[in-house]
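Engineer: structure for the following, please:
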Amino acid sequence: MHELSIAQNIIDIVRQYLPVEGPQQVRIVKVRIGEMAGVVPDSLDFCFNAIIGSTPLEGAALVIEHIPVVIHCMQCGKEHLLDHSAFYCQFCDSTDVRMISGNELQVVEIEVADEQTEAP
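Structural biologist: Residues are numbered from 1 along each chain as shown. You can find the predicted model right below:
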C-alpha cells in the first residue's frame, strides 16, 4: 500500500509551507489525483487520517479532486476524455496520442485556521 508513503509526503509538503509565525493548524488540504496516477483515493484518505494525529494537520480534511484522462491526438489534433482503456483517438482511430492529463498527483491548496476567527 504505497498510499501511506504518499500521505506522508503530502504531510511533509504541507509542513514546508506552513507560516513560521501565527497559526499553524491546518483545516483543509486539497490534492489533485489523476485517474492514471495509481492511487486509490479511499486508501489515501484512510492513511492520511491515520497519521495526522499530533501534527499541525490533526483534524484536517483531505479533499481530493479527481482528474480524468484526456488525450491529444497527434494525427488529427483533437482532444478527448479517455472513456475506455485503450489509448487511441476516438475521432480518427490513430494510436499516435499523448496523455495531457490524468497522471497528476499534486497538493494544490492548504487552508490554515485564521487566528482571528479561531480565538474564543
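Engineer: buried ones in the helix or strand hosting Ile100?
Structural biologist: Ile100 belongs to strand 97-101 when elements are defined using DSSP states H and E. Within strand 97-101, the residues that count as buried by 16 or more other C-beta atoms under 10 Å are Val97, Ser101. Where C-beta positions appear, they are placed from N, C-alpha and C, glycine not excepted.
Engineer: and that strand, average pLDDT?
Structural biologist: For strand 97-101, the mean per-residue pLDDT is 96.
Engineer: partners of that strand, with directions?
Structural biologist: strand 70-73 (antiparallel) (DSSP bridges).
Engineer: any idea which helix or strand comes after the strand it pairs with?
Structural biologist: strand 79-81.
Engineer: sheet partners, orientation included, of that following strand?
Structural biologist: Going by DSSP bridges, the partners of strand 79-81 are strand 70-73 (antiparallel).
Engineer: and the partner strand, how far out from the chain middle?
Structural biologist: 21 Å (C-alpha atoms, centre = their mean, to the nearest Å).
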